[in-house]
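Q: Generate a structure from the sequence data that follows.
(one chain, ligands or ions: 2)
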Amino acid sequence: MASREIASSDDEPAAPRKGFKPTPEAPYRVVTPDVKDETRPPSPPPETPPAKPKRPQPIKARSPVDNFLAWLSPRSSRESKWMQPLTVRKSHGGDALLDALDAAPRAATDRPLPGVVLDDGFKVPEFAYAALVDVAASPVGVGCQGEVYAVRRPKTGEKLALKVLLRDVATSPGERRCFAREAQLLARMAHPNVCETMGCSTTPGGLPCLLLTWCASDVLRSLKLNDVADPETRHKVAKAWPAAERLRLVAELFGALAYLHSGDALRGVAVVHRDVKPENLGLTDARRLKLLDFGLAVALEKEDAAAFELTGDTGSRRYMAPEVAKQRPYAAPVDVYSAAIVSAEVLGLHRAFAGLSLEDHERRVIDGGLRPRLQASPRLQALFAALWDGDAGKRRDAASARDELAAVVAADSDPLRATPSCACVLS
Ligand SMILES: Nc1ncnc2c1ncn2[C@@H]1O[C@H](COP(=O)(O)OP(=O)(O)O)[C@@H](O)[C@H]1O
Ligand SMILES: [Mg+2]
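A: Numbers count the residues shown, from 1 in each chain. Ligands and ions are numbered 1, 2, ... in the order given. So this is what the prediction gives:
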């Protein structure tokens, strides 16, 4: 996560459209760090060497996967100034556990998409990178896989986000496959609480990139979760985000997961996000939650029992379900566990497991069943106990969590009684 705040925008959140393809003859203004003159016509990056005569290449038949990966692969090893600045780095405000765990490299996953996803005739739209307007010089957010820049859509000026694969990450074929899978999955999503992509392209520096719905902020930054231990900050956040608003965010999160897990997004194929955490929950200008970052997501065919036998240490430890931490087989319930821990942070305005060392986390949370304290009505407490159950088989699913949250809110005007400052209890 980046330490810098994304400036809030006055733009109306516009409904994203799929298949965005600007017409090539439109007089687009291209602004790059080195081209500031707005009246100049778009020109190729200055470091582009003169074109060399190409040798004829033999035409080989390639599978759709190979084609997609080839298209996402860097087309050139040349350095470009366009996407160079890596000035914004992660900053986590002195939380030992978070610093240690989020800095850890994540497990790569080379799991291919099921045939039903890849071979359904759908093509991820490609957009013309050069047509983008006002490409920001430095990123608004940086994660383990990519950095995100503010850009504008030609003609309409609509603000969008451009996620660019990090240069060092892009050298790994496994990571490129993850990015390809993210593009494939996101392009098929259509849910109000899931970030949409308008298409993919390649930067002039040869890095694959995705055009996304713009999010003015994310839950970590908006709710200042790294700073809510300070009573004054917590008070301000609680005022800016009243309980009803925070409950709505939580309901939207479970709504997004219900959509992913149900198979509605991909004709019978469940999508497991595997990295649900506050910095991956975008917020639009209208404060609507958008689930971001499908870099670790996998698609599982329900009929294929073996597909549910994923194992591995994947995701961020604070939100990691015990079965993942233990490298046991896991599936969609891992997202429910993560979402429950995130929700406790959002509802209670405190950091879960703050101050625990890695060993303490393993011993007390993974093995000992420690969970965040949630000051809430008995009905809401019962729901959370069923959402973060250490036994994945006993965990409630995301759809029933979404429905129960709606029922709780309808039946009780204040399901969040007075919230505690910051505490953990053994459940
Ligand atoms: N659509 C978006 N609009 C605005 N900012 C975004 C958007 N998507 C991501 N970001 C910001 O960029 C950060 C990194 O993006 P993310 O997709 O999570 O990359 P990674 O896969 O590297 O973690 C996010 O935590 C968020 O702050
Ligand atoms: Mg991320």
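Q: what residues does the protein put near ligand 1?
A: 1, 140-146, 148, 161, 163, 195, 212-215, 218, 279-280, 282, 292-293, 295 (CB under 6 Å from any ligand atom). In this view, the C-beta of every residue, glycine as well, is placed from N, C-alpha and C.
Q: I'd like the list of these that fall within strands, please.
A: 141-142, 146, 148, 161, 163, 212-213, 218, 282 (DSSP state E).
Q: Can you name the two of those that sit furthest apart?
A: V142 and T213 (18.5 Å; CB to CB).
Q: Neighbour count: the two, which is higher?
A: Between V142 and T213, counted using other CB atoms under 10 Å, T213 has the larger neighbour count: 23 against 20.
Q: Name whatever forms a beta bridge with the more buried one.
A: L160 (DSSP bridges).
Q: in the strand or helix carrying F254, what's buried?
A: Secondary structure assignment for F254, by DSSP states H and E: helix 243-262. Neighbour counts over helix 243-262 (16 or more other CB atoms under 10 Å) mark 243, 246-262 as buried.
Q: which strands and helices sit next to the helix or strand just after it?
A: Using DSSP H and E, the helix or strand that follows helix 243-262 in sequence is strand 269-272. The helices and strands touching strand 269-272, judged by 3 or more CB pairs under 8 Å, 6 or more residues apart in numbering; DSSP states H and E, are helix 243-262, strand 298-301.
Q: Where among these is average confidence lowest?
A: The stretch with the lowest mean pLDDT among those is strand 298-301, at a mean of 83.
Q: Only the buried residues of it, if you could.
A: Under 16+ other CB under 10 Å, the buried positions of strand 298-301 are 298-301.
Q: pLDDT averaged over the helix or strand following it - what is it?
A: Downstream of strand 298-301, the first helix or strand assigned by DSSP H and E is helix 322-325. The average of the pLDDT scores along helix 322-325 is 90.
Q: From L166, how far off is the residue of the stretch 101-250 of the chain found nearest ligand 2?
A: Distances between the stretch 101-250 of the chain and ligand 2 by CB to the ion are smallest at G143, namely 3.4 Å. As judged by CB to CB, to the nearest Å, G143 and L166 stand 9 Å apart.
Q: can you check V298 too?
A: Distance from V298 to L166, by CB to CB: 21 Å.
Q: Assign a three-state SS to E345, would you?
A: Assigned with DSSP: H, G, I helix; E, B strand; the rest coil, E345 falls in the helix class.
Q: so it sits right up against L225, yeah?
A: Yes: using CB atoms under 8 Å, E345 is in contact with L225, at 5.7 Å.
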